[in-house]
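**Q** Here is a sequence together with a model predicted from it:
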Amino acid sequence: MSKQEFKSALKVQEGIAQPNQINPKFNYQRSRKPQLTAKEFVDGILKGDRVILSQAITLVESALPQHYVLSQEIIAACLPYSGNSIRIGITGVPGVGKSTFIEAFGKLLTSMKHKVAVLAIDPSSERSKGSILGDKTRMEELSIDPNAFIRPSPSAGSLGGVARKTRESIILCEAAGFDRIIVETVGVGQSETAVHSMVDFFLLLMLSGAGDELQGIKRGIMEMADAIVINKADGDNIQKANLAKTQYTSALHLFPPTSSKWKPVALTCSSYTKDGIDQVLSTISNYTDLTTKNGYFKQHRMEQAKYTLVEYIHKASLDLFYSNPRVVEKYKQIELDVVHGIKSPYIAGAELIQLFTDKK
């Protein structure tokens, strides 16, 4: 018997036709707010609008060409209103308590009527390129303080533990009226020159009893530090912290004199009990007073501007080189020649540079 001839006793009623679950009159296009103009961004920033400030920093961090043009226009307009803050860089190995210290320090500053902006840099994964960006969750009190602004940003592979656009973010925050800028670095022991080139005071957080296993990390950073603060000096750890302070004070005397004429100091504090936080603030004030009087503060800012110019030229030159059509066309083959030992890396590099500079 064929399927067509088979008849079942079961019969399914067709029932009532169901209406479409989606309203055909519904507009599927998401309503998007129109992009603000550069003037609207600048006006909002100067008024202290945090939403617009956050949006502007997002534009600065964007890699899209159209965002770059707009962000540079915003920065140029905000530049005359910047430079009126004290910029403080804070670094230290993971686990030293940077976020907890910054919250205690930031709350002290806001209690003194200062406006504090925290640019917290989170390490980016080399594999996924993502970042957790969880600094706000570790600074619960400061994140809801009306006189504080916390902006986490991914390091995105930048050396020195800072985001590539941190300098521009500083300008925008200063234009928004923040007179204390705190830059929290990744603190992974890489070259901290980038941090030093954008802040006025460089603070290194340390732990007592860390041992000699971190000497390779400490040496380079310690030479640039304006103050070393031994954190977590509370409970049973107070005696160890005081001993570490003595040892670091002795070590600092071995370093050559600084251009600022400032003698770096070692301090202890507890971010938990808040003991010693006010002494850190007094140290920064003393440093600022000294360097302002002897002219180093202004000179250092000028050196930072020159460093930023050179850094930009280096990066822009690399981008132009690797996007050059002739270089792109020949690079893979020349790279293979180097890998297989057919050509020396130096000769191959010279050939690529010749391709780049050739105007034909």
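**A** Structure received.
**Q** Every contact and neighbour count from this point should use C-alpha atoms.
**A** OK.
**Q** Mean confidence (pLDDT) on the helix or strand Thr283 falls within, please.
**A** For Thr283, the host element (DSSP states H and E) is helix 277-293. What helix 277-293 shows for mean pLDDT is 96.
**Q** Downstream of it, the next helix or strand is which one?
**A** Next along from helix 277-293, by DSSP H and E: helix 296-323.
**Q** name the helices or strands packed onto that next one?
**A** helix 277-293 (3 or more C-alpha pairs under 8 Å, 6 or more residues apart in numbering; DSSP states H and E).
**Q** coming back round to it: please name every helix or strand in contact with the helix holding Thr283.
**A** Using 3+ C-alpha pairs under 8 Å, 6+ apart, helix 277-293 is in contact with helix 98-111, helix 296-323.
**Q** centre of the chain versus the helix or strand just after the last one, how much separation?
**A** Going back to what we said before, that points to helix 296-323. Of the helices and strands lying after helix 296-323 in sequence (DSSP H and E), the nearest is helix 325-339. Taking C-alpha atoms, centre = their mean, to the nearest Å, the mean C-alpha location of helix 325-339 is offset from the chain mean by 34 Å.
**Q** Quick check: buried residues in the helix or strand where Gln72 lies?
**A** Secondary structure from DSSP H and E places Gln72 in helix 65-78. If you call a residue buried by 16 or more other C-alpha atoms under 10 Å, then helix 65-78 has these buried ones: His67, Leu70, Ser71, Glu73, Ile74, Ile75, Ala77, Cys78.
**Q** Could you give the number of residues near Gly89?
**A** The number of residues packed near Gly89 is 23, by other C-alpha atoms under 10 Å.
**Q** That one contacts Ile182, doesn't it?
**A** Yes: with contact defined as C-alpha atoms under 8 Å, Gly89 counts as touching Ile182 (5.9 Å).
**Q** Now Pro256: phi and psi?
**A** Backbone torsions of Pro256, given as degrees, to the nearest 10, read phi -70, psi 160.
**Q** can you tell me how far it sits from Trp262?
**A** 11 Å (C-alpha to C-alpha, to the nearest Å).
**Q** How about Leu70?
**A** Leu70 is 40 Å from Trp262, by C-alpha to C-alpha.
**Q** And for Val339?
**A** 50 Å.
**Q** Pick out whichever of these two has more residues nearby.
**A** A direct count of neighbours by other C-alpha under 10 Å for Val339 and Trp262 places Trp262 higher, at 16 against 12.
**Q** what sits against the residue lying closest to Ala104 once chain neighbours are set aside?
**A** Using C-alpha to C-alpha, 6 or more residues apart in numbering and skipping residues adjacent in sequence, the residue nearest Ala104 is Ser271, 5.9 Å away. Contacts for Ser271 (C-alpha atoms under 8 Å, 6 or more residues apart in numbering) come out as Gly97, Thr100, Phe101, Ala104, Asn231, Lys232, Ile277.
**Q** Share the number of residues neighbouring the third one, please.
**A** To tie it back to what came earlier, the one meant is Phe101. Phe101, neighbours per other C-alpha under 10 Å, totals 22.
**Q** ok, now the last one?
**A** Using other C-alpha under 10 Å, Ile277 has 22 neighbouring residues.
**Q** now the fourth one
**A** Ala104: 21 surrounding residues under other C-alpha under 10 Å.
**Q** Would you mind measuring from it to Tyr272?
**A** Counting by C-alpha to C-alpha - Ala104 and Tyr272 are separated by 8 Å.
**Q** so where is the protein shaky, pLDDT-wise?
**A** Applying pLDDT under 70 to the chain flags the ranges 1-33, 122-138, 154-164, 186-193, 209-220, 360.
**Q** where does Ile342 land in three-state SS?
**A** coil (DSSP: H, G, I helix; E, B strand; the rest coil).
**Q** List phi and psi for it.
**A** Dihedral angles (degrees, to the nearest 10) for Ile342: phi -80, psi -40.
**Q** Downstream of the helix or strand containing Ser250, the next helix or strand is which one?
**A** Applying DSSP H and E as the criterion places Ser250 in helix 238-252. Counting by DSSP H and E, the next helix or strand C-terminal to helix 238-252 is strand 265-268.
**Q** Quick check: neighbours of that following strand in the sheet, parallel or antiparallel?
**A** In the sheet, strand 265-268 lines up against strand 227-230 (parallel) (DSSP bridges).
**Q** can you list the residues that contact the strand it pairs with?
**A** For strand 227-230, contacts defined as C-alpha under 8 Å, 6+ apart pick out 202-208, 222, 241, 244-245, 248, 264-269, 280.
**Q** how about 10 Å then?
**A** Contact with strand 227-230 is made by 90-92, 96, 201-208, 222, 238, 240-242, 244-245, 248-249, 252, 262-270, 276-277, 280, 283-284, 287, as judged by C-alpha atoms under 10 Å, 6 or more residues apart in numbering.
**Q** and Glu140, how far is that from Val327?
**A** For Glu140 relative to Val327 (C-alpha to C-alpha), the value is 50 Å.
**Q** Same check on Leu36?
**A** 38 Å.
**Q** These two: which has the busier surroundings?
**A** Each of Leu36 and Val327 has its neighbours counted (other C-alpha under 10 Å); Val327 has more, 19 against 13.
**Q** if I pick that one, what's in contact with it?
**A** Val327 neighbours (C-alpha under 10 Å, 6+ apart): Leu320, Phe321, Ile334, Glu351, Leu352, Ile353, Gln354, Leu355, Phe356.
**Q** Swap in 8 Å and give it another go.
**A** So Val327 contacts Phe321, Leu352, Leu355, Phe356 (C-alpha under 8 Å, 6+ apart).
**Q** Also Ala233?
**A** With C-alpha under 8 Å, 6+ apart, Ala233 has these contacts: Lys240, Ala241, Asn242, Thr268, Cys269, Ser270.
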